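Peer 1: structure, please.
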Amino acid sequence: MTVGQELEKITELKLFHNHMTIDLVSPFFSYGTKEGKRLVHLFRQEIFEEVSRSDLYGLIFTYVWAFDIQADWDYINKISDLFESKGGVVYFFELEARVEERLERNKTPHRLMHMPTKRNIAWSEHDLISTMEKNRLNSNDGEINKDNYIRINNTGVTPEEVAMIIKVKFLL
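Peer 2: Sure thing, here's the model as predicted:
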């Protein structure tokens, strides 16, 4: 989210981070429930559909991709196909960081301000660690064979620096 916010500042792209829909739905249904997942998916899909038909310069979408789950691959391909079918170009940037750094970032005031469901620090840390233990959250070398792809280890790198790397790489 934070890299997306910085990229939004230096491009004409609009940020749609994954928690925008999770946090919208969570006062009514936990994201882990059938209802919560259905609503999050519905809102995201409707936004993607409208953006794909619009004259917006582009959209930054953040997503925690479980590379070991085929349904996640299918979802990313579905979103990509939607934009590409309308003449859009999809750029992939994958971020990776050490667990210790991710845990520290997870409780910064900035992140907590923008992600209400992360404010329960104990739950959020447990969720982050258990998700990393349960799923593979970074691709294997060569697994993503897209022309418009970059992988960045942003451990110890500022969000502003990462956003500039992405902007320059993809000429945004």
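Peer 1: and stretch 87-100, how far apart are its ends?
Peer 2: Length of stretch 87-100, first residue to last, Cα to Cα, to the nearest Å: 40 Å.
Peer 1: quick one: it to chain centroid distance?
Peer 2: Distance, stretch centre to chain centre, for stretch 87-100: 8 Å (Cα atoms, centre = their mean, to the nearest Å).
Peer 1: ok, residues contacting that stretch?
Peer 2: By Cβ atoms under 8 Å, 6 or more residues apart in numbering, the surrounding residues in contact with stretch 87-100 are 3, 52, 58, 65, 79-80, 83-84, 105, 129, 132, 138-139, 144, 146, 148-155, 162, 166, 169-170, 172. Any C-beta I mention is one placed from the backbone N, CA and C, and that applies to glycine too.
Peer 1: give the contact list for the residue nearest to the spatial centre of the chain.
Peer 2: Residue closest to the average C-alpha location in the chain (Cα atoms, centre = their mean): T62, at 1.5 Å. Residues in contact with T62 (Cβ under 8 Å, 6+ apart) are M1, G4, L15, F16, H17, N18.
Peer 1: tabulate the residues you listed (JSON lines), appending pLDDT.
Peer 2: Listed next are the contacts of T62 as JSON lines, based on pLDDT from 0 to 100:
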{"residue": "M1", "pLDDT": "92"}
{"residue": "G4", "pLDDT": "96"}
{"residue": "L15", "pLDDT": "97"}
{"residue": "F16", "pLDDT": "97"}
{"residue": "H17", "pLDDT": "95"}
{"residue": "N18", "pLDDT": "92"}
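Peer 1: can I get the residues you listed in TSV with secondary structure, neighbour count and distance to V99?
Peer 2: Shown next, in TSV, are these (DSSP: H, G, I helix; E, B strand; the rest coil; neighbours: other Cβ atoms under 10 Å; distance: Cβ to Cβ, whole Å):
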residue	secondary structure	neighbour count	distance to V99
M1	coil	19	18
G4	helix	24	21
L15	strand	18	25
F16	strand	18	26
H17	coil	20	21
N18	coil	17	19
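Peer 1: about what we covered before: in helices, which of the contacts of stretch 87-100 appear?
Peer 2: 3, 52, 79-80, 83-84, 105, 129, 132, 162, 166, 169-170 (DSSP state H).
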